[in-house]
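> Test case, fold it:
(one chain, ligands or ions: 2)
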Amino acid sequence: MRPYTVALAGNPNTGKSTLFNTLTGLRQHTGNWAGKTVVSAEGEFIHEDTAFRMIDLPGTYSLYSNSADEEVARDYIIFEQPDVTIVVLDATSLERNLNLALQVLEMTSRVVVCINLMDEAKKLGIRVDTDQIERQLGVPVVAVSARNKTGIDTLLDKVAEIASGSHVPKPVPVIYNDDIEKKIAQLEPLIRQTLGDRFPARWVALRLLDEDESLISSLRAKLHEQPATEQKEEIRYGRTACH
Ligand SMILES: Nc1nc2c(ncn2[C@@H]2O[C@H](COP(=O)(O)OP(=O)(O)OP(=O)(O)O)[C@@H](O)[C@H]2O)c(=O)[nH]1
Ligand SMILES: [Mg+2]
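Ligands and ions are numbered 1, 2, ... in the order given. Prediction:
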């Protein structure tokens with residue numbers, strides 16, 4: 001059986017690589033993402049007799065394709081569709097970090113939220129109510145300290161449950177204002193018609209409303225594998241036609 005794939009996403013400096021190194025040890029290889037100067041790292045580990053392949057995505061503050069790093073992380077989650085995405089958050093600045101968690105939850109429901117740097121949070125007198133966050137997000141939330149190797153087994157148990165399908169999380173959706181929700185409702189069926197069920201229609205609708213040309217271009221490439229120049233022409237034509 002092929003190993004389950006697990007992607008690590010999160011803001012920069014939240015301990016993704018520390019967790020990645022702890023789990024994969026020497027069973028890892030680095031390189032570059034195809035066509036990008038962004039470093040890629042993947043490795044393997046076993047948990048309870050099950051094999052996992054882990055991908056350490058670049059640290060990003062968002063997935064709105066403002067940079068090559070954000071495009072790599074976004075494309076991996078959307079096109080490669082890992083069995084599980086672990087979103088690593090810094091327990092000492094949860095408010096800022098949760099933003100990325102919400103973005104990932106709009107892209108995939110197969111998510112475990114890992115609140116890292118719990119040792120630092122404790123030192124600062126910060127208490128984290130993981131049950132409450134879990135209820136509000138609708139996916140498993142596990143507190144860990146990657147440096148001290150605490151909470152890792154619980155994290156991997158949750159990852160395994162989602163990977164095997166024994167737990168199917170139901171993320172609580174982010175609801176936008178009426179105007180945006182109306183437009184999403186109009187776009188969603190058209191997106192399903194065009195793309196099928198391969199991609200999360202609500203998320204694609206939101207990206208289209210935001211005029212995310214990088215995503216449109218990636219989607220075209222994925223669907224038709226056309227040369228980049230042709231794609232640009234089509235997008236330009238598409239936009240002119242809409243106006
Ligand atoms: N105190 C403490 N420090 C940690 C923990 N996990 C990671 N760190 C430290 O946090 C810093 C950043 O860790 P990295 O693993 O490089 O973070 P990253 O998320 O891979 O960062 P980017 O690759 O830049 O996105 C390092 O100095 C780690 O030693 C933890 O649980 N506790
Ligand atoms: Mg790193």
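> what about the strands in the chain?
Shown for the chain, the strands assigned by DSSP state E span residues 4-10, 28-32, 39-47, 50-56, 84-90, 111-116, 141-143.
> Near ligand 2, which residues of the chain? Just list them.
16, 17 (C-beta under 5 Å from the ion). C-beta here means a position set from N, CA and C on the backbone, and glycine is covered the same way.
> Nearest residue to the closest residue to ligand 2 within the chain in space, ignoring adjacent ones along the chain?
Ranked by C-beta to the ion, the top residue of the chain for proximity to ligand 2 is residue 17, at 3.2 Å. Leaving aside its chain neighbours, residue 17 sits nearest to residue 56 (5.7 Å; criterion: C-beta to C-beta, 6 or more residues apart in numbering).
> Look up which residues are beta-bridged to the one you found.
Beta-bridge pairing of residue 56 under DSSP bridges involves residue 8, residue 41.
> tell me the contacts of it?
8, 16, 17, 20, 40, 41, 42, 43 (C-beta atoms under 8 Å, 6 or more residues apart in numbering).
> Any idea which of these the model trusts least?
Least confident entry in these, by pLDDT: residue 40, with 89.
> Identify the residue nearest that one in space, chain neighbours excluded?
Distances taken as C-beta to C-beta, 6+ apart put residue 33 closest to residue 40, at 4.8 Å, once the chain neighbours are dropped.
> rewinding a little: count of residues packed around the residue of the chain closest to ligand 2?
Applying other C-beta atoms under 10 Å, we find 15 other residues in the vicinity of residue 17.
> Show me how this structure divides into domains.
4-164, 178-240 (automatic domain parsing).
> quick one on the thing from earlier: tell me how far the residue nearest to residue 40 lies from ligand 1.
Distance of residue 33 to ligand 1, computed by C-beta to the nearest ligand atom, to the nearest Å: 14 Å.
> residues contacting the closest residue to ligand 1 within the chain?
Of all residues in the chain, residue 59 sits closest to ligand 1, at 2.1 Å by C-beta to the nearest ligand atom. By C-beta under 8 Å, 6+ apart, residue 59 lies in contact with 10, 11, 12, 13, 14, 16, 69.
> Ok, residue 215 next?
Counting by C-beta under 8 Å, 6+ apart, residue 215 has contacts 65, 74, 204, 207, 208.
> Surely the first one and residue 73 touch.
Pointing back at residue 65 there. No. Residue 65 is beyond contact range of residue 73, at 9.3 Å (criterion: C-beta atoms under 8 Å).
> For those two, indicate the residue with more neighbours.
residue 73 (29 against 22).
> residues near the closest residue to residue 140 other than its chain neighbours, how many?
Spatial nearest neighbour of residue 140, excluding adjacent residues (C-beta to C-beta, 6+ apart): residue 158 at 4.2 Å. When counting by other C-beta under 10 Å, one arrives at 22 neighbours for residue 158.
> Surely residue 158 and residue 111 touch.
No. With contact defined as C-beta under 8 Å, residue 158 does not reach residue 111; the gap is 9.9 Å.
> May I ask which helix or strand of the protein has the lowest mean pLDDT?
The helix or strand of the chain with the poorest confidence is helix 228-242; it has a mean of 36 (mean pLDDT, DSSP states H and E).
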